[in-house]
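> Next input, structure requested:
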Amino acid sequence: MTLAIPLPSHAVAVKRLPNGLRYVVLEDHAAPVVSLQIYVRCGAVNETDASAGVSHFLEHMIFKGTDRLDAGKIAQVVERRGGSINAATGTEMTHYYVDMPSDSLDEAFEVLTESVLRPAFPPEELEKERRVILEEIKRRNDNPESDLWDAFLETLYRETPYRRQVIGTAASIAAMPRDTLFRQHHDYYVPENMVVVVAGDLRRATVEKKIKLAFGAVPARTAPARPPLVEPAPSNTVLKFISRPAQQAHVAVGFLGPTLQDPEQVAMDVLATALGGGQSSPLYQILREQKRAVWSVGASFLTHAGSGVFGIFAECPPEKARSLSNEIYFILDDALGNGLPPEALARAKAQLRSAWLFSQETYHGQAAQWGFYTILDRPQLARNYLKELDKVTLADLHRLLLACFQRRELSGAVLLPETSGGDAPRPAAP
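Numbering: from 1, shown residues only. This is a model prediction of the structure:
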């Protein structure tokens, strides 16, 4: 059962230490739990071909011991108190967190900060994790939808590093020396490149003091320059066809959108939801209910610090796959020519508002929202997302569709199943 937590009623501020570290403390006493989260602006975009996957490899190694804590101790400290500790690596950031009963905040704080700031990279643990990651890569390569996703990003991002696979490649991970992990940690795990968020049953002054003691002594250093993340407008569109053993066809098409700093960011969320959010959306009603061309279809806007991407994703019978991008084009063109109805705007706003509020039900969710937007330099959205949502109009959606879609053919990828035996595919969509 999820324990619902009220949204903070007090003003929330992002504060900064002299060495550049940013932090947010959310005090609320509705439930005796806390969430401590550390965000580092280090991900796949900060890698080269030779170091592909190092940020994810580094994330695996963070909990494998420090000079003071061995790998087993780290998990024991958290789990014996009924807490959980985990991490995730993305395209632009790595996210570490501990969720604990509030009377164990001291232990949680010590374990997570020690692990993130001072990992030891024990050689024997490194080789274990190398094997784990190579197995993850193998499983990923056996998943046809991973091929679809990679091909989709490669057609949209031709110059910027958003095309990179977070997990890396078998070749890069197998050959990666321990020194590469040391360098990535040294270069990117610096105060100006990190955000600490603590939310829950705590005393703000006490937690702020702990943050200053733990992180304030870390020397200020400048992180490497960020790579160019604004994708140039493409001169042509590309639809890539790939073939893999699969039961059904999959299609992923779309176009580039604004950066996170663009004021239209929230309106892009609304546009995606209005066109493809749920069974009442035009994409679902036309392609699934009327034309019986897909099993499932939806749209979303993928937020990045640089160029975002508006994506439409569908699963369909193989015989429908080659023409599906044209069908999607006509739906977008109709929305551009005739406009979306007011009920589509109202529905999209209601869906996004509900999703936002649900994401804030826990202290973990509140901390994650602040961490995500702050590490990408737009913390005001964590506070004002719903206000920005209320401002979006049908005219905004039309303007965005005109600017981004431009009545151009859609770029993306189509995955067609190989006819290689195995389970028979499902019959055509009813």
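> Compute the number of surrounding residues for Val54.
By the criterion of other Cβ atoms under 10 Å, Val54 has 25 neighbours. Bear in mind the C-beta positions are built from the backbone N, C-alpha and C, glycine included.
> so what's the backbone phi/psi at it?
phi -70, psi -30 (degrees, to the nearest 10).
> Not counting its neighbours along the chain, what's nearest it?
Gln184 (4.9 Å; Cβ to Cβ, 6 or more residues apart in numbering).
> OK, contacts around that neighbour?
By Cβ atoms under 8 Å, 6 or more residues apart in numbering, Gln184 lies in contact with Cys42, Asn46, Ser51, Val54, Ser55, Leu58.
> quick one: what helix or strand has it in it?
helix 178-188 (DSSP states H and E).
> Mind exporting the C-alpha coordinates of that helix to CSV?
Extracted C-alpha coordinates of helix 178-188, given in CSV (Å, rounded to 0.1, in the frame of the first residue of the first chain):
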residue,chain,number,x,y,z
ARG,A,178,39.7,0.5,-14.1
ASP,A,179,41.3,3.9,-14.7
THR,A,180,38.5,4.9,-17.0
LEU,A,181,36.0,4.6,-14.1
PHE,A,182,38.4,6.6,-11.9
ARG,A,183,38.7,9.4,-14.5
GLN,A,184,34.9,9.6,-15.0
HIS,A,185,34.3,9.8,-11.3
HIS,A,186,37.1,12.4,-10.8
ASP,A,187,35.9,14.5,-13.7
TYR,A,188,32.1,14.5,-13.2
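> what distance separates that helix from the centre of its chain?
Remark: helix 178-188 is offset 23 Å from the chain centroid, using Cα atoms, centre = their mean, to the nearest Å.
> Only the buried residues of that helix, if you could.
Buried positions in helix 178-188, judged by neighbour count with 16 or more other Cβ atoms under 10 Å: Thr180, Leu181, Gln184, His185, Tyr188.
> next one: stretch 169-179
For stretch 169-179, the neighbour count (16+ other Cβ under 10 Å) marks Ser172, Ile173, Met176 as buried.
> Likewise for stretch 67-81?
So stretch 67-81, judged by 16+ other Cβ under 10 Å, has buried residues Leu69, Ala71, Ile74, Val77, Val78.
> Let me have these in TSV, extended by secondary structure.
Below are those laid out as TSV (DSSP: H, G, I helix; E, B strand; the rest coil):
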residue	secondary structure
Leu69	coil
Ala71	helix
Ile74	helix
Val77	helix
Val78	helix
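> could you dump those residues to CSV with pLDDT and distance to Leu376?
Listed next are the buried residues of stretch 67-81 as CSV, based on pLDDT from 0 to 100; distance: Cβ to Cβ, whole Å:
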residue, pLDDT, distance to Leu376
Leu69, 87, 30
Ala71, 80, 31
Ile74, 85, 28
Val77, 85, 31
Val78, 89, 27
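> all helices of the stretch 1-150 of the chain, in order?
Using DSSP state H, counting those that start in this stretch, the helices of the stretch 1-150 of the chain run over residues 54-62, 71-79, 105-117, 123-141, 144-156.
> next one: the stretch 251-400 of the chain
Using DSSP H, counting those that start in this stretch, helices in the stretch 251-400 of the chain cover 265-276, 282-284, 318-338, 342-359, 363-375, 380-391, 394-404.
> could those helices go into JSON lines alongside mean neighbour count?
Output for the helices of the stretch 251-400 of the chain, formatted as JSON lines (neighbours: other Cβ atoms under 10 Å):
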{"stretch": "helix 265-276", "mean neighbour count": "25"}
{"stretch": "helix 282-284", "mean neighbour count": "21"}
{"stretch": "helix 318-338", "mean neighbour count": "17"}
{"stretch": "helix 342-359", "mean neighbour count": "15"}
{"stretch": "helix 363-375", "mean neighbour count": "23"}
{"stretch": "helix 380-391", "mean neighbour count": "15"}
{"stretch": "helix 394-404", "mean neighbour count": "17"}
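> Okay, strands next: where are they in the stretch 201-350 of the chain?
Along the stretch 201-350 of the chain, the stretches classed as strands by DSSP state E, counting those that start in this stretch are 239-244, 249-257, 296-302, 308-316.
> what pairs with the second one, and is each one parallel or antiparallel?
Within its sheet, strand 249-257 is paired with strand 308-316 (antiparallel), strand 411-417 (antiparallel), according to DSSP bridges.
> now these as TSV including mean pLDDT, mean neighbour count and distance to Ile167?
Shown next, in TSV, are the strands paired with strand 249-257 (pLDDT from 0 to 100; neighbours: other Cβ atoms under 10 Å; distance: least, Cβ to Cβ, whole Å):
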stretch	mean pLDDT	mean neighbour count	distance to Ile167
strand 308-316	98	24	19
strand 411-417	97	23	18
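> could those go into CSV alongside distance to Tyr96?
As requested, the strands paired with strand 249-257 are exported to CSV (distance: least, Cβ to Cβ, whole Å):
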stretch, distance to Tyr96
strand 308-316, 25
strand 411-417, 32
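> Nearest to Glu27 among those would be which one?
Of all those, it is strand 308-316 that lies closest to Glu27, at 32.7 Å by Cβ to Cβ.
> Export only the CA atoms of the closest one, formatted as PDB.
What follows is strand 308-316, C-alpha atoms only, in PDB (Å, rounded to 0.1, in the frame of the first residue of the first chain):
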ATOM      1  CA  GLY A 308      13.800  16.800 -26.900                       C
ATOM      2  CA  VAL A 309      11.900  14.400 -29.100                       C
ATOM      3  CA  PHE A 310       8.300  13.800 -29.800                       C
ATOM      4  CA  GLY A 311       7.800  10.100 -30.300                       C
ATOM      5  CA  ILE A 312       4.900   7.900 -31.500                       C
ATOM      6  CA  PHE A 313       5.200   4.300 -30.700                       C
ATOM      7  CA  ALA A 314       3.000   1.500 -32.000                       C
ATOM      8  CA  GLU A 315       2.800  -2.300 -32.100                       C
ATOM      9  CA  CYS A 316       1.000  -3.600 -35.100                       C
END
